[in-house]
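Enquirer: Would you be able to build a 3D model of this:
(2 chains)
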Amino acid sequence: MLPDMADVLDEFSQPITLSRITQTIVGHRPVDTATAVSIMAVVQPAQKDKINSDIIDWNLAYYQVHSKQAILVNDQMLYQGTNYKAVELAQYGDYGYYEALFEQIK
Amino acid sequence: MILDTLATYITDLLTFDETLVVIGRENALEESSSKNYIVIDELVSIPDARQSSFDGDTEVQELTEVNKGDFTIDFHGDDARQNAINFKLLQRSQAGYELQRDLEISVFNASSMIDVKKLQGSQYGSRYQIEIKVQYNEVVAVDTLRIDTAQTSFIVNL
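Expert: Down below sits the predicted model:
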């Protein structure tokens, strides 16, 4: 049986509001619709030397977010007055949590 | 806009789902590499001629520019190659000519078809690119008062 690591997050989690973006094509152009999703998550600065060097922009801030609730690519987060977008996911769902890398939106 | 017009042309010519014909470089998300969608983009447009006309009754001046542009059409998905071939062939159909007439554009026959996946060395996701030349007009209308009575003065050196 796989260990459930989710409870480890509870002590460090804070309420975060994500904007879940769904896209439809209207008139041959994409139209984004944002839906607010509230989650509890652990937010910590990402270690840039561990980020995929093909995608990293050294001018931007990156945060690593862990949560018991699912996070999707393109979800947006407003954190400390700055907007971030989920660019990479790591599926630790078997162990009770999800990990996402958020990149600052310029 | 010409890109919107071209999107309509392609959608109607191929009887395609219009949500799968997308104008490029507008942050549309690629959902899956097997989905059959078409992306349109503009390379360059060069003016061939310019014209202006004035309607004294409505007091509107129309400024027109005839352009000839290069556009790319990228066919993605499992049916990419067949859709690209269908487009090239149907351009010369009666429906194709009628669409051009109705949309007020001239679409010259596509020639080459490039397998972009091979060029990029991609492992998955078919992508065929066709380049076409399109002749089209851009028009802008400007409210311009007409001159009913001209007041002129002549300066003569005696």
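Enquirer: all helices of the chain, in order?
Expert: With no chain named, the answer covers chain A. A:6-10 (DSSP state H).
Enquirer: try again with chain B
Expert: So, for chain B - with DSSP H - the helices run B:2-14, B:80-90, B:94-103, B:116-120.
Enquirer: Next, format those helices as CSV and append distance to chain A.
Expert: Placement of C-beta: from N, CA and C, glycine included. Converted to CSV, the helices of chain B look like this (distance: least, C-beta to the nearest C-beta, whole Å):
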stretch, distance to chain A
helix B:2-14, 4
helix B:80-90, 16
helix B:94-103, 14
helix B:116-120, 15
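Enquirer: separation between residue B:143 and chain A?
Expert: Shown here: residue B:143 relative to chain A, a distance of 28 Å by C-beta to the nearest C-beta, to the nearest Å.
Enquirer: Tell me the bridge partners for that residue.
Expert: residue B:60 (DSSP bridges).
Enquirer: hang on, it packs against residue B:55?
Expert: No: using C-beta atoms under 8 Å, residue B:143 is not in contact with residue B:55, being 10.7 Å away.
Enquirer: Need the residues touching each of those two.
Expert: residue B:61 (C-beta atoms under 8 Å, 6 or more residues apart in numbering or on different chains).
Enquirer: what's the burial count for residue A:27?
Expert: 12 (other C-beta atoms under 10 Å in any protein chain shown).
Enquirer: Please name the residues that touch the nearest residue to residue A:51 once chain neighbours are set aside.
Expert: Using C-beta to C-beta, 6 or more residues apart in numbering or on different chains and skipping residues adjacent in sequence, the residue nearest residue A:51 is residue A:62, 6.2 Å away. Counting by C-beta under 8 Å, 6+ apart, residue A:62 touches A:45-46, A:48, A:51, A:56, A:101-104.
Enquirer: out of the residues you listed, which one sits closest to residue B:109?
Expert: residue A:103 (43.8 Å; C-beta to C-beta).
Enquirer: Touching, that closest one and residue A:83? I think so.
Expert: No: using C-beta under 8 Å, residue A:103 is not in contact with residue A:83; the gap is 10.0 Å.
Enquirer: Residue B:143 and residue B:55 - which one has more neighbours?
Expert: residue B:55 (12 against 8).
Enquirer: With residue A:39 as the reference, measure out to that one.
Expert: According to C-beta to C-beta, to the nearest Å, residue B:55 stands 60 Å off from residue A:39.
Enquirer: likewise residue B:117?
Expert: 38 Å.
Enquirer: Hmm, residue B:124 is touching residue B:32, no?
Expert: No: with contact defined as C-beta under 8 Å, residue B:124 does not reach residue B:32; the gap is 9.9 Å.
Enquirer: So for these two, which residue has more residues nearby?
Expert: Taking other C-beta under 10 Å, residue B:124 and residue B:32 do not tie; residue B:32 has more neighbours (11 against 8).
Enquirer: worst-scoring helix or strand of chain A, pLDDT-wise?
Expert: helix A:6-10 (a mean of 75; mean pLDDT, DSSP states H and E).
Enquirer: picking up where we left off before, please dump the helices of chain B into CSV; it should also carry mean pLDDT and mean neighbour count for every row.
Expert: Output for the helices of chain B, formatted as CSV (pLDDT from 0 to 100; neighbours: other C-beta atoms under 10 Å in any protein chain shown):
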stretch, mean pLDDT, mean neighbour count
helix B:2-14, 95, 19
helix B:80-90, 94, 18
helix B:94-103, 95, 14
helix B:116-120, 81, 13
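Enquirer: interface residues of chain B facing chain A?
Expert: B:3-4, B:7-8, B:11, B:18-23, B:26-29, B:40 (C-beta under 8 Å from any C-beta of the partner chain).
Enquirer: quick one: is the longest strand anywhere in chain A near chain B?
Expert: In chain A, taking DSSP state E as the definition, the longest strand is strand A:29-45. Yes: Strand A:29-45 is in contact with chain B by C-beta under 8 Å from any C-beta, via A:29-30.
Enquirer: What's the mean pLDDT across that strand?
Expert: Averaged across strand A:29-45, the pLDDT comes to 91.
Enquirer: ok, and the helix or strand in chain B with the lowest average confidence?
Expert: helix B:116-120 (a mean of 81).
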